[in-house]
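**Q** Build the 3D model from these lines:
(2 chains)
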Amino acid sequence: MSTAIDTLIFDLSTTTLREANQALHAEDLTGEVLITNPRGAHAVAAGVDAEVQITVEGHVGYYAAGMNKHAAITITGNAGVGVAENMMSGRVHVQGNASQSAGATAHGGMLVIDGDAAARCGISMKGVDIIVGGSIGHMSAFMAQSGRLVVRGDAGEALGDSIYEARLFVRGEVSSLGADCIPKPMSQEHHSELRELLDAAGYSDDDTRDYTRYGSARRLYHFRVDNAASY
Amino acid sequence: MTTRSDMRAARGLRESATFDRATIADIRRAAETGVYDIRGGGSKRRLPHFDDLLFLGASMSRYPLEGYRERCGTDVVLGARYAENPLHLDIPVTIAGMSFGALSGRAKEALGRGASAVGTSTTTGDGGMTNEERRQSKTLVYQYLPSRYGMNPDHLRMADAIEVVLGQGAKPGGGGMLLGQKITERVAEMRTLPVGIDQRSACRHPDWTGPDDLTIKIQELREITDWKVPVYIKVGASRTYYDVKLAVHAGADVVVVDGMQGSTAATQEVFIEHVGIPTLAAVPQAACALRELGVEREVQLIVSGGIRTGADVAKALALGADAVAIGSAALIALGDNDPDYAEEYEQLGSAAGFFDDYQDGRDPTGITTQDPELQKRLDPETAGRRLANYLQVMTMEAQTIARACGKSHVNHLEPEDLVALTVESAAMAKVPLAGTDWIPGGAVGHH
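**A** Model (predicted):
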């Protein structure tokens, strides 16, 4: 660990992950942090609870930026399973691709993935905004409760299965919709909402009219025997 | 006295053992409603259980300790394997995970009060941690569940231990269910769900599958909490020998095994009665797995599912548990199934002593409900005192047995102190049938 002007630097080829994460949990943490040589390590910058800017140079393993609060975390490479899982607030930006369960169960904040995201993107999301530059895999937004998921590419099979109140916006093809997930009309409110999300993620050139909104038909909110075939 | 059933027998009427009255009622109910039965509680059928074991008290070849005079320790340390701050509990009886949502806020508070009064831990449940229970629980275990309802890293950091829940004894392989009548505004807000919907909790974790992923998940939880607090893994009893080994490999400090008598707030009756194995069959498998890995006592084993008395506690410990957890028994101590509410139970179509419609939200005792009026019936201080009394009685009972077996600490009890009353229980518990040296069945782990 060394300090260069205002930037804390952790080189994970010489510093342990434990040391780095412990330092990132310091109560008075502010400013900028650079993490180099992550080499696929798991739980990089997990559990940060501070207004701090963290850049991770390279690829990370599972649960990078897990449970983030307040921090703005940029990962310049690809991210493994569960990036920004259960994020509460702040912003996580993956410049490469993300593996499964990106943004799983996250309650708040914004997750931007420039590349593609694999299966189960936004699974059980609880208020987070997720914007994916490319496409997403199957079973994405499964049981998604709240928040917004924007996909600039295509979505895999069973999108939004058993979805609750989350809003999904997809520009490309959807292989299939999951149980109780339906296309919905885009009102002016939805265009503005999507516009804000795209602008915030740096995709200002997109035309919101190219997107389709999906959400819950709310037919499965109450257990009824007539719906048995849908479960 | 001639009973009505005697009179029927005299007339040659014979009730079917296969189609008994409960079965007939079930078929009729299914035919009428077209829906399976959902209820709370655990398995109600007769199962091989701790009642089928007996202790061999000391006599000539062993000598006992003096009751009330000679010390018999009851404390237990949980989670010293990797955690900087393991739990040190005064008694080996803990309170199992039960959610705010399934239970009222006052019931959760009462559990915290009772547990804290006697120096043991209580546990959150699906739906997150409430301020009441954190405030009233000296030692609080935070459950990390598949649904992640209310999962908050601040609460994770406020917890004294983390319990990663893979399943529960009432429904290994099943998720949760909280019906609309219990999804009040507060519950809905904590779980980020619309008010009044029938809520399902996932049966699988959303961001890991399999034991190798779980290892990494536990690493993340430890990194987030700076390796301070113990991490438990809870499994419903099924393939217990293998599950416990995998849990140890995944990095658990403590393994919790919940047998099929363990309760739930709501699930299908068919699940409760037909999936999972009895607690008695699970404990020796878990103990054997820990022994084979050389982590006995280093990784602690907590056993739950049908623990009712100090005798059950002593038997679980003798078979290899380090501590037990109670759920149903704790609720009964708070006042669940109170005969004072007999009439109201009847109005609900149930009876005091039989009530298991915890899913329904109309519990007259105010324990398993979110109804604001019913909740007021439970005074958390009184109920907490009742629970503390009950926990003390269980502990004293376990000590009584331990002293009789010549043990100066309840955790010195061992399988050698036990015999079985039935062939089934001998095979499951791996202790000899009383009066013989016969332990039927194959060794654990080689099946």
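**Q** all strands of chain A, in order?
**A** A:2-4, A:7-11, A:32-36, A:53-57, A:72-75, A:91-94, A:110-113, A:126-132, A:146-151, A:167-170, A:181-184, A:212-216 (DSSP state E).
**Q** Which strands or helices does the longest one pack on?
**A** Same thing as strand A:126-132. Here strand A:126-132 touches strand A:110-113, strand A:146-151, helix A:188-201, going by 3 or more Cβ pairs under 8 Å, 6 or more residues apart in numbering or on different chains; DSSP states H and E. Just so you know, the C-beta spots here come from the backbone N, C-alpha and C atoms, and that holds for glycine as well.
**Q** Parallel or antiparallel, list what pairs with that strand.
**A** strand A:110-113 (parallel), strand A:146-151 (parallel) (DSSP bridges).
**Q** Near chain A, which residues of chain B are found?
**A** B:33-35, B:147-148, B:151-154, B:156-157, B:179-180, B:191-194, B:197-198, B:200, B:202, B:206-208, B:213, B:216-217, B:219-220, B:223-227 (Cβ under 8 Å from any Cβ of the partner chain).
**Q** Nearest to chain B within chain A, name that residue for me.
**A** Sorted by distance to chain B under Cβ to the nearest Cβ, the residues of chain A start with residue A:47, at 3.1 Å.
**Q** residues in contact with the closest residue to that residue other than its chain neighbours?
**A** Residue nearest to residue A:47 in three dimensions, not counting chain neighbours: residue B:224, with 3.1 Å by Cβ to Cβ, 6 or more residues apart in numbering or on different chains. Listed by Cβ atoms under 8 Å, 6 or more residues apart in numbering or on different chains, the contact partners of residue B:224 are A:43, A:46-47, A:66-67, B:153, B:156-157.
**Q** Mind putting the helices and strands packed on strand A:126-132 into a markdown table with mean neighbour count and mean pLDDT?
**A** Formatted as a markdown table, these follow (neighbours: other Cβ atoms under 10 Å in any protein chain shown; pLDDT from 0 to 100):
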| stretch | mean neighbour count | mean pLDDT |
| --- | --- | --- |
| strand A:110-113 | 27 | 98 |
| strand A:146-151 | 25 | 98 |
| helix A:188-201 | 16 | 98 |
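**Q** Switch the ones you listed over to CSV; also include distance to residue B:93.
**A** Converted to CSV, the helices and strands packed on strand A:126-132 look like this (distance: least, Cβ to Cβ, whole Å):
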stretch, distance to residue B:93
strand A:110-113, 43
strand A:146-151, 39
helix A:188-201, 51
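**Q** of those, which approaches residue B:12 most closely?
**A** Of all the helices and strands packed on strand A:126-132, strand A:146-151 sits nearest to residue B:12, with 64.3 Å by Cβ to Cβ.
**Q** Now tell me what touches that closest one from outside.
**A** A:106, A:108, A:121-122, A:125-132, A:135-136, A:140-141, A:164-172, A:193-194, A:197-198, A:201, A:211, B:192.
**Q** quick revisit: so which of the helices and strands packed on strand A:126-132 is nearest residue B:237?
**A** strand A:146-151 (34.9 Å).
**Q** Next, the angle strand A:212-216 makes with that closest one.
**A** Inter-element angle recorded for strand A:146-151 and strand A:212-216: 150 degrees (by axes from the mean of the first three to the mean of the last three Cα atoms, to 10 degrees).
**Q** So residue B:64 versus chain A, what's the distance?
**A** 49 Å (Cβ to the nearest Cβ, to the nearest Å).
**Q** Grab the nearest non-local neighbour of that residue.
**A** residue B:58 (4.0 Å).
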